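S.K.: sequence and predicted structure, then a few things I'm wondering about:
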Amino acid sequence: RTVSMTTSPSGSNKPVRLPSVSFSLAAIVRLHQQRSSSKNEGDPHDCRRQYVLVHERPPRGWWLPGGGIEHEDETPVHAAIRETLEEAADPLLSERGKDYLPRMTHLISLEQTLGRIRFIFRGEWLDDDNLHDGHGGVLKRPPGDGDSVEAKWIGWEEIQHIPHDRNLINTREMSPFLRNMHDPWLRGHEPHTFYESLEYATKTGEMIFGLPLKQTVSVDSDLHQYNSDDEEPIGAFFLRMKGDTPPSKKSLLRRRGRAELLVDLQCCLLIHDKNRNRFAVEKSSRRFPSSFVENQFGRTLRQLVDTMMKSFQPPRVIQDDEHNPTGLLRVEYIIHENGLEATLTVFPGLQLCSVTAENDTNYDWLPATELSDDLERRLATSFVNIEGKFPCELDIIRDKEGPIKQQSAKTQSF
């Protein structure tokens, strides 16, 4: 089977694009080969559930491993792995084999603002104390190198007490562990925001928030398709079209040493009428309702998603998140063969449960088996198979980089 690749629009309707610098961050969870001996697997003091924090150069404090995406990075996922290795890993780790390398598992935040895109991933890293391989752990130790001073495994019970401001450091109120840390403050909200959510999911037994990462592959630029017989269409996909851009051209798109890309921002909306088990398609294209951000100087991808959700109101349809749930099914990021452009497409969904949608002049309603586009047909079929339960909330698509208010409120009680 083949999956159609999203491409940039052409002609006079081509969107106004803004050169964007992209960043990849990694929220890394510690893994062990041996299961905890604790009788209570949910014990909040179980030392085997720990997270990575990186100390850069003083006085910058501690943060998640991450940084700018370079032209040499195949995808943002590869950039997250590279940054994790540069900032958090023991310099000799590469000599110990692939089993010791970090692995990214989920896209947990997609933040697109003016001239900037930030991908935040959940990652896993093996660091068992009982491997007896003659080496220490996987993390970097002092004095470090040019990228960072050191990295540490730290439990949530300690992370939540690290201040955001260097001026708020009060060693008298800190645990012995934190008092022994050099410069014990966080230079951003991200460790609190994302490790809190990962801890909450573990303690409550809920699914990890975010979209699972699928296999990253290169795309055939001639066919504009990629082959995958067993590919599950729900998830986050990061792809690169085959091609080689001369270094001279790559150098034209750089800002402060970081790569810039011209990125088309697209939303393809899945609307499911649960009562009739039908999906909305535009009469003209026979495809899911879709649109590009026409002017990136005046609108973000999240604003486009919200506008499409709000404007999709067939007769007798009332937007009601409780009875007509919304969610995110797929994110697709494709770097074009010239290495200078990319397309970022999100596939949010709206399920109509409390009402039955009726046909109007703009949309037809078809069963999944009659959808003409292969990707949309498989996406709709998978959505029906999972009984309309969205794998991810829309909240991970954001147009700001501050703390996630709804997420914080949800986890305050645990």
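M.R.: Cool, got the structure.
S.K.: doesn't residue 16 make contact with residue 264?
M.R.: No. Residue 264 lies out of contact with residue 16 (C-beta atoms under 8 Å); the separation is 10.6 Å. For every residue, glycine as well, the C-beta is placed using N, CA and C.
S.K.: more neighbours: those two, which one.
M.R.: A direct count of neighbours by other C-beta atoms under 10 Å for residue 264 and residue 16 places residue 264 higher, at 22 against 11.
S.K.: what's across from that one in the sheet?
M.R.: Using DSSP bridges, the bridge partners assigned to residue 264 are residue 343.
S.K.: give the contact list for it.
M.R.: With contact taken as C-beta atoms under 8 Å, 6 or more residues apart in numbering, residue 264 is in contact with 8-9, 15, 17, 292-293, 341-344.
S.K.: got a markdown table for those, with neighbour count too?
M.R.: Below are the contacts of residue 264 laid out as a markdown table (neighbours: other C-beta atoms under 10 Å):
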| residue | neighbour count |
| --- | --- |
| 8 | 17 |
| 9 | 14 |
| 15 | 19 |
| 17 | 19 |
| 292 | 20 |
| 293 | 25 |
| 341 | 18 |
| 342 | 24 |
| 343 | 23 |
| 344 | 23 |
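S.K.: ok, so of these, who is nearest residue 189?
M.R.: Closest approach to residue 189 among the contacts of residue 264 (C-beta to C-beta): residue 344, at 23.7 Å.
S.K.: among the contacts of residue 264, name the ones in strands.
M.R.: Among the contacts of residue 264, the subset assigned to strands under DSSP state E consists of 292, 341-344.
S.K.: ok, back up a step: rebuild the contacts of residue 264 as a markdown table, extending it with pLDDT and distance to residue 141.
M.R.: Formatted as a markdown table, the contacts of residue 264 follow (pLDDT from 0 to 100; distance: C-beta to C-beta, whole Å):
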| residue | pLDDT | distance to residue 141 |
| --- | --- | --- |
| 8 | 42 | 46 |
| 9 | 41 | 51 |
| 15 | 78 | 48 |
| 17 | 91 | 44 |
| 292 | 95 | 48 |
| 293 | 96 | 45 |
| 341 | 91 | 41 |
| 342 | 93 | 37 |
| 343 | 95 | 41 |
| 344 | 97 | 38 |
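S.K.: out of the residues you listed, who's nearest residue 106?
M.R.: Of all those, residue 106 sits closest to residue 344, with 17.3 Å by C-beta to C-beta.
S.K.: tell me who's in contact with that closest one.
M.R.: 112, 117, 263-266, 301, 331-333.
S.K.: which of the residues you listed fall within helices?
M.R.: The helices in this structure, assigned by DSSP state H, contain residue 301 from the contacts of residue 344.
S.K.: got the contacts of residue 344 as CSV, with pLDDT columns?
M.R.: Compiled in CSV, those are given as follows (pLDDT from 0 to 100):
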residue, pLDDT
112, 96
117, 96
263, 95
264, 96
265, 97
266, 97
301, 97
331, 97
332, 95
333, 95
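S.K.: residues contacting stretch 289-305, please?
M.R.: 9, 13, 15-18, 110, 112-114, 264-269, 271, 280-282, 308, 312, 344, 346, 348, 363, 394, 397-399.
S.K.: buried subset of the residues you listed as a ChimeraX selection?
M.R.: To isolate the buried ones among the contacts of stretch 289-305 in ChimeraX, judged by 16 or more other C-beta atoms under 10 Å, type:
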select :15,17,18,110,112,264,265,266,267,268,269,271,280,281,308,312,344,346,348,363,394,397,398,399
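S.K.: among the contacts of stretch 289-305, which lie within helices?
M.R.: Of the positions in the contacts of stretch 289-305, residue 308 sit in helices, assigned by DSSP H.
S.K.: which stretches of the stretch 1-150 of the chain form helices?
M.R.: When secondary structure is read from DSSP state H, counting those that start in this stretch, the stretch 1-150 of the chain shows helices at 76-88.
S.K.: show me where it dips below the pLDDT cut-off.
M.R.: 1-13, 32-48, 128-136 (pLDDT under 70).
S.K.: just want the most central residue of the protein.
M.R.: In the chain, the centroid-proximal residue (C-alpha atoms, centre = their mean) is residue 107; its distance is 2.4 Å.
S.K.: residue contacts, it?
M.R.: Contacts for residue 107 were tallied using C-beta under 8 Å, 6+ apart; they are 119-121, 210-211, 213, 236, 331, 396.
S.K.: now swap in residue 75 and tell me
M.R.: Contacts were defined as C-beta under 8 Å, 6+ apart; by that measure residue 75 touches 216, 238-240, 333, 335.
S.K.: now, which of those residues sits nearest residue 183?
M.R.: When the contacts of residue 75 are compared for distance to residue 183, the smallest value, 33.5 Å, is given by residue 238; criterion: C-beta to C-beta.
S.K.: cool, thanks, signing off.
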